[in-house]
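Student: okay, here's the prediction I keep looking at, along with the sequence it came from:
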Number of protein chains: 2
Amino acid sequence: MNGAESLVRTLVAGGVDVCFTNPGTSEMHFVAALDRVDGMRCVLGLFEGVVTGAADGYARMADKPASTLLHLGPGLGNGLANLHNARRARSPMINIVGDHATYHHAFDAPLTADIEGIARPVSNWVRTSPSARAVAADGATAIAAAKSPPGQVATLILPANTAWDEGTGAAEVPPIPARRRVPEGAIAEAARALRSGGRTALLLTSPALREAGLTCAGRIAAASGARLLAQTSNGRMERGAGRVPVTRIPYPIDLALEMLKDLDHVVLVGAKAPVAFFAYPGKPSRLTPETCQIHVLSLPEEDTLGALEWLADEISAPPRPESLAEAWRPEAPRGALTIDSLAAAIGAQLPDQAIVIDEGISSGRDIPATTRGCPPHDWLQITGGSIGIGPPLAVGAAVACPDRKVVALQADGSAMYTLQALWTQARENLDVTTVIFANRAYECLKVELANVGALNPGPKALDMLDLGRPDLDWLSLAHGMGVEGGRATTADELNQQLAAGLAVQGPYLIEAVL
Amino acid sequence: MNGAESLVRTLVAGGVDVCFTNPGTSEMHFVAALDRVDGMRCVLGLFEGVVTGAADGYARMADKPASTLLHLGPGLGNGLANLHNARRARSPMINIVGDHATYHHAFDAPLTADIEGIARPVSNWVRTSPSARAVAADGATAIAAAKSPPGQVATLILPANTAWDEGTGAAEVPPIPARRRVPEGAIAEAARALRSGGRTALLLTSPALREAGLTCAGRIAAASGARLLAQTSNGRMERGAGRVPVTRIPYPIDLALEMLKDLDHVVLVGAKAPVAFFAYPGKPSRLTPETCQIHVLSLPEEDTLGALEWLADEISAPPRPESLAEAWRPEAPRGALTIDSLAAAIGAQLPDQAIVIDEGISSGRDIPATTRGCPPHDWLQITGGSIGIGPPLAVGAAVACPDRKVVALQADGSAMYTLQALWTQARENLDVTTVIFANRAYECLKVELANVGALNPGPKALDMLDLGRPDLDWLSLAHGMGVEGGRATTADELNQQLAAGLAVQGPYLIEAVL
């Protein structure tokens, strides 16, 4: 078998059985091998940002890596922004990037580029396979790299001749390191902080935001009175009625500073010390007060769940959390469609076990509050601040969990970056209800203008933040890619549209005109 | 004034008066400065691939650089594929990439990335400005870098505090090196090849494909009998009735090998030695026979026009070329819409002084032939092989030349990468008639499957090359972004649609269903 087939066989044998693809000439042998190897599901995206964002969404929900198939340096480049997000989400992923044949490089053909150079800023692991006989082993090593804690982006570059020359059989995946147990000193230090009498918060991120971690954190809170906080952005958060509620640090710096201003101790549970998303003149980069002590319970690559259990035992926490989110939904709103009524409408109908994709940006700010008591659901965020992740993330989550409804809360400006994902939703009949928050502006940037001290913007500046002239017609855009839906201009219409969309078994798009 | 304003003033004073933008928080001071500085036209793109491709199209037609405004590493990443094309086109361009404040980097906020690392593979010049007082001078140096022969991609990274801190006034652009005169030996060697009696070709690319260069090459051909060839891909080619015709080396390797098989000498006129676009098993990378000698008349950064004149004098060429393209148009086709009738329809109506954007890929293969005798026009190609350049290139060309009609010949699969450009065409009312070649497949890849030896593809492989299920509805997509148009399913309908589109003063999109 050729190198490409040995790679596909290695991936399938290693449990990597989904490939999000946008292939070109240099990847044709990989594509051709798909018919000779059973067990690999291939999902086509019409733009590489869709492909990499979908692999991220898949990894977050499947707890295992998908592969991607990308075409040389520019194809990887098109996927780069969502690889940046994936790396920040610590999503495991294996990118297969086709390249020119090794002997063809010296001729500097038009598509020749420094693929390793492009890959490195967004990958934890990069390798160019030197020969067809090395491809299977390199693929196996890529799987191990992707699965190594805390989850890594692995990029394997596959020169065309290593795909078509004779290869080996499938290679076995080398042993994957377990998550490291945290040092005893970390437990002791966290326990001291909790017992100190000072105001203390546990700061969580994935995987501590999954049910087991939340429960443990809730026990620690019950024993110590510690507050439970989450990072502003997290890969995956399990929440809703009956789960331990956690407060996210807000994105706006003033709200974040206010929330954290009284803290004496912050215990990091796989999380990073809280910092401002952007720097602003005259405001600090670090969000905690100077007097606040930061303690590391666990690093991202360490055994966070084990550390939480150990800490709970150490402080003799009760067997169950005290406070769980109560079942509650807002009433379905009436009247005008506003940021408030939008949030209420989502909260009124969010289905049990929904997977929420949150790229709502400014218009979505109240939805976490109106959904806190909804039936249990997952919440996936934009982790690296690179907009245009929502529609692809929805694709990947829906592929990973075909029996769950994906609800994509989607700012209009951000959706434009990767709108091609709607076509993949239609082709694969993915069960995604997308709500476009059509405020027809980069609204968050109007706030940011003032935050960075650029006061009194003139018409040219404001024009650069305005998505009107002409307005985007999201129903036309979706229809053009095979996704039907409806428009809501009032709260009542949004209620109706949500009911209609959630009843469909497949993609549906609602343009909520704000 | 702050650093951002000093940079905008430097750009405008340096003749860089168009900025294609997709800004974020870190670029807000640059945006705010636009209202305080006269003379900078700002054009918003809803995706960064639109922004960088537009700057490329602008540079090719305006013969000077535009600036772009991009948001940190991921924003640059989204623009990377078309920067790759721009670098291959040798288009001058100045990218301004906002970054976190210098002091904020250590905190590794979510959007933090290695921007220089992302920029380097697609830039000829990269600098991070260290302070607000350095920004104007760095901007001036970036202008000089962009304008340095043969035209370069310059990327200036602007940390947020260097934008908002107090800067200097505008800085003056340092002297820009002229194109180097070619060495006398190069002229002598080329002259010897032309006089050798062997079969000789001049291989041209931009700028030798502009009228002055073509005329000179035509004189040399008249004196020597040399064939005039152009690279497969060129940034800009002036062609049509009354101009010296040049044959492009075809993309399909077998046709290219056939065309070049008898040559004894190839004289490179700013061009690269002809190589296969991709490597294929059992076929050579170099397209010329082993016995063929390659001579360099001029390197890309050298004075190609001067070299052509010198060579013409050296071989005592006549004052005028012998053969010029005769005025000729095919008749308007009737009957079915096929690749042939599509080409005839374009040739029958291409306007005088049209700017043709050629991203027709497989369906566009016959259009060069049917337009060879059309009134004089410019022909802009995808130079780096990275698809998705057409719609943005049309934006940039139309901004540069508002009095000329832009005719965008556009493959459907490629158009999907950067369809957001249609919105910018609507917003700026750009005079672009786009013809989407809707074959609903990555048709070229079906050919490439066989070329690389992946024979008898199965259904899974073919499914990855198919854009159907569902079909894209290009009229809906365009309408969703404010561009109207019509659909053609027969040759007659295409004739009518072309007439309608070319009569509109503004954007129009035709879906030609093949």
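Tutor: Thanks, I have the structure now. These numbers were taken from a predicted model, which means no experiment stands behind them.

Student: what's the neighbour count on the residue nearest to residue A:32 when sequence neighbours are not counted?
Tutor: Counting by C-beta to C-beta, 6 or more residues apart in numbering or on different chains, residue A:32 lies nearest to residue B:454, which is 3.6 Å off, once chain neighbours are set aside. From N, CA and C alone the C-beta is placed, and that goes for glycine too. When counting by other C-beta atoms under 10 Å in any protein chain shown, one arrives at 22 neighbours for residue B:454.

Student: which SSE is residue B:454 in?
Tutor: Assigned by DSSP states H and E, residue B:454 belongs to neither a helix nor a strand.

Student: let me see the contact set for it.
Tutor: Going by C-beta atoms under 8 Å, 6 or more residues apart in numbering or on different chains, residue B:454 touches A:28, A:29, A:31, A:32, A:164, B:461.

Student: out of those, which comes closest to residue A:134?
Tutor: In terms of C-beta to C-beta, no member of the contacts of residue B:454 lies closer to residue A:134 than residue A:164, at 14.2 Å.

Student: and the gap between the closest one and residue A:4?
Tutor: To residue A:4, residue A:164 is 7 Å away according to C-beta to C-beta, to the nearest Å.

Student: find residues that contact each of the two.
Tutor: residue A:29.

Student: same drill for these two, tell me which one is more crowded.
Tutor: More crowded of residue A:164 and residue A:4, by other C-beta under 10 Å: residue A:4, with 30 against 23.

Student: out of the contacts of residue B:454, what pair is the most spread apart?
Tutor: Pairwise distances across these (C-beta to C-beta) peak at 14.3 Å, for the pair A:164 and B:461.

Student: SS state for residue A:436?
Tutor: Following DSSP: H, G, I helix; E, B strand; the rest coil, the label given to residue A:436 is strand.

Student: stretch A:91-106: which residues count as buried?
Tutor: Using 16 or more other C-beta atoms under 10 Å in any protein chain shown as the test for burial, stretch A:91-106 gives A:91-102, A:104.

Student: cool, stretch A:384-403 as well?
Tutor: Across stretch A:384-403, burial judged by 16+ other C-beta under 10 Å covers A:384-401.

Student: ditto for stretch A:192-202
Tutor: Buried, per 16+ other C-beta under 10 Å, within stretch A:192-202: A:193, A:194, A:199, A:200, A:201, A:202.

Student: closest one of these to residue B:43?
Tutor: Checking the buried residues of stretch A:192-202 against residue B:43 with C-beta to C-beta, the nearest one is residue A:201 at 46.0 Å.

Student: the closest one contacts residue A:225, correct?
Tutor: No - applying C-beta atoms under 8 Å as the test, residue A:201 and residue A:225 come out as separate, 10.4 Å apart.

Student: buried ones in stretch A:25-38?
Tutor: By 16+ other C-beta under 10 Å, the buried positions in stretch A:25-38 come out as A:25, A:26, A:27, A:28, A:29, A:30, A:31, A:32, A:33, A:34, A:35, A:37.

Student: can you name the next helix or strand after the helix or strand where the fourth one lies?
Tutor: If you go by DSSP H and E, residue A:28 is part of helix A:28-33. Taking DSSP H and E as the definition, the helix or strand that follows helix A:28-33 towards the C-terminus is strand A:41-44.

Student: in which helix or strand would I find residue A:423?
Tutor: Using DSSP H and E, residue A:423 falls within helix A:421-427.

Student: can you show me the strands along the stretch 1-150 of chain A?
Tutor: For the stretch 1-150 of chain A, the strands defined by DSSP state E, counting those that start in this stretch occupy A:18-21, A:41-44, A:66-71, A:93-99, A:125-128.

Student: adding mean pLDDT, write those strands out as a markdown table.
Tutor: Below are the strands of the stretch 1-150 of chain A laid out as a markdown table (pLDDT from 0 to 100):
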| stretch | mean pLDDT |
| --- | --- |
| strand A:18-21 | 97 |
| strand A:41-44 | 96 |
| strand A:66-71 | 97 |
| strand A:93-99 | 98 |
| strand A:125-128 | 98 |
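
Student: looking at those, which is nearest to residue B:252?
Tutor: Among those, the nearest to residue B:252 by C-beta to C-beta is strand A:66-71 (18.6 Å).

Student: now do that closest one and strand A:93-99, the angle between them.
Tutor: Inter-element angle recorded for strand A:66-71 and strand A:93-99: 20 degrees (by axes from the mean of the first three to the mean of the last three C-alpha atoms, to 10 degrees).

Student: strand A:66-71 - contacts with which helices or strands?
Tutor: In terms of contacts (3 or more C-beta pairs under 8 Å, 6 or more residues apart in numbering or on different chains; DSSP states H and E), strand A:66-71 is packed against strand A:18-21, helix A:48-62, strand A:93-99.

Student: centre of the chain to it, how far?
Tutor: Centroid displacement of strand A:66-71 relative to its chain, using C-alpha atoms, centre = their mean, to the nearest Å, is 17 Å.

Student: what pairs with it, parallel or antiparallel?
Tutor: Using DSSP bridges, the strands paired with strand A:66-71 in its sheet are strand A:18-21 (parallel), strand A:93-99 (parallel).

Student: neighbouring contacts of it?
Tutor: The contact list for strand A:66-71 (C-beta under 8 Å, 6+ apart) reads A:11, A:16, A:18-27, A:30-31, A:48, A:51-52, A:54-55, A:58-59, A:76, A:78-79, A:93-98, A:396, A:399.
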